[in-house]
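**Q** Here is my input; please provide its structure:
(chains A and B)
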Amino acid sequence: MRINSLAPILLVAAIAILIGGCAPSVGAPGAGITIDRAWARPSSQVPGGGMGGMEMLTSAAYLTIRNDGPEDRLTAAESDIAKSVEIHETKMDGGMATMRQVDSIAIPANASVDLKPGSYHIMLIQPVRDLKPGDSFSLTIVFEKAGRLQVPVTVQAPS
Amino acid sequence: MNRRYILTAGVVLALVTLVSGGAAIAVRSIQTPPADFQGGVVSPPIMVPDVVLPSAKGDEVRLSDFRGKVVLLFFGYTNCPDVCPTTMLEVANVRKQLTKEEAERVQVVFVTVDPERDVPARVSQYVDRFDPSIVALVPVDEDEARTVVQLFMADFVKGEPNAGGGYAVAHPASLYAIDPAGQWRLLLPFGMPVEALTNDVRLLLQESQNAN
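**A** Next up, the predicted model:
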């Protein structure tokens, strides 16, 4: 599937979001991938970065990927909300939390994969502006087969 | 079978409370006997040595300053976008679940394991975002941080620098619960629901109330 052929689908999705207000899910119907509950942590400037300067706290975005189609892989995440956007995984190893960057996440056929605290997450390094609860921004997630999917992400403090 | 035994024990305990003069609260106690600790129990409890560290506000803090309170101790760092903010939100929510009187007897303490980047003003602002009552402690260097972490039979590991020059720190994922007598009693693992954390904190508070 060429990227261009996704444009009408994204347009329809965008219109659906506008009509539906805070739409809970975004999908590429043809590819069988649906995204739910996309949220990110708040961020603001804190002292740091050396020389008595200030820098933005790293944020993380989370979402649920539902795949009703064939096996796929999440291979990248992009957004202009942060200087750098990386896919990371937290693992618990003997009571220690370790975090490492991953190249991709396997999305099995007919299954859901949660990007959630303590597991996979999309790291937003050096956000370019304050992220306050209620704000939203656009995140593009890229799948090997399903292509690019634009997801609206809402900033919230999880309860 | 175990479950029934525990339930029976709870009712008996409640009855004892009733007989010994807790009449006003006892009816509720019989209907809902206190649950057991849901976190890991440190048995026997370990008396925590009197750790003295600089706080992010600039004063010197001793863990023994918090005698009479339940201390929830966490080792993390402000560049940690996943486990640390999750845990800090959880403990903030635990305090919200408690009554005002109970919450005043719970002290959350955040110790940074990344003193190189975590300058005091940074850590101070970081914890305030979650709950301004949280005390942030900033060891002078990595060695001092390690000495404290190792008191709890844990450790941390600074990761290799990434492309942007930043690094992650592998750190203990649990909360350490210290009772009002200064004894390390519970290991509360990452992912414990707020209700379960609140339950355990309440049990530690009630226990010390009953002892007085």
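
**Q** what's residue B:74 in contact with, if anything?
**A** Residue B:74 is in contact with B:84, B:87, B:88, B:91, B:108, B:109, B:110, B:111, B:175, B:176, counting by Cβ atoms under 8 Å, 6 or more residues apart in numbering or on different chains. (Glycine included, C-beta is placed from N, CA and C.)

**Q** give me the beta-bridge partners of it?
**A** residue B:110 (DSSP bridges).

**Q** now, which of the contacts of residue B:74 lie within strands?
**A** Taking DSSP state E as the definition of strands, those contribute B:108, B:109, B:110, B:111, B:175, B:176.

**Q** Out of those residues, which comes closest to residue B:193?
**A** residue B:175 (12.9 Å; Cβ to Cβ).

**Q** my guess is that closest one contacts residue B:184, does it?
**A** No. Contact criterion Cβ atoms under 8 Å: residue B:175 and residue B:184 do not qualify, at 11.2 Å.

**Q** which one of these two has more residues nearby?
**A** Set residue B:175 next to residue B:184 and count neighbours by other Cβ atoms under 10 Å in any protein chain shown: residue B:175 wins out with 26 against 19.

**Q** so how far is residue B:189 from the more buried one?
**A** Going from residue B:175 to residue B:189 by Cβ to Cβ, to the nearest Å gives 8 Å.

**Q** Helix or strand: which one has residue B:79?
**A** Of the helices and strands defined by DSSP states H and E, none includes residue B:79.

**Q** what's the answer for residue A:118, then?
**A** Assigned by DSSP H and E, residue A:118 belongs to neither a helix nor a strand.

**Q** Just the pLDDT at it, thanks.
**A** On the pLDDT scale, residue A:118 is placed at 96.

**Q** Tell me, how many residues neighbour it?
**A** Around residue A:118 there are 17 other residues, counting by other Cβ under 10 Å.

**Q** Report the contact partners of it.
**A** A:90, A:92, A:97, B:82, B:83, B:86, B:173, B:190, B:191.

**Q** give the contact list for the closest residue to residue B:85 other than its chain neighbours.
**A** The spatially closest residue to residue B:85, leaving aside those adjacent along the chain, is residue A:41, at 5.8 Å (Cβ to Cβ, 6 or more residues apart in numbering or on different chains). With contact set as Cβ under 8 Å, 6+ apart, residue A:41 has these partners: A:59, A:60, A:61, A:131, A:155, A:157, A:158, B:81, B:85.

**Q** got the residues you listed as CSV, with secondary structure and neighbour count columns?
**A** Converted to CSV, the contacts of residue A:41 look like this (DSSP: H, G, I helix; E, B strand; the rest coil; neighbours: other Cβ atoms under 10 Å in any protein chain shown):
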residue, secondary structure, neighbour count
A:59, strand, 24
A:60, strand, 23
A:61, strand, 27
A:131, strand, 25
A:155, strand, 21
A:157, coil, 15
A:158, coil, 13
B:81, coil, 26
B:85, helix, 25
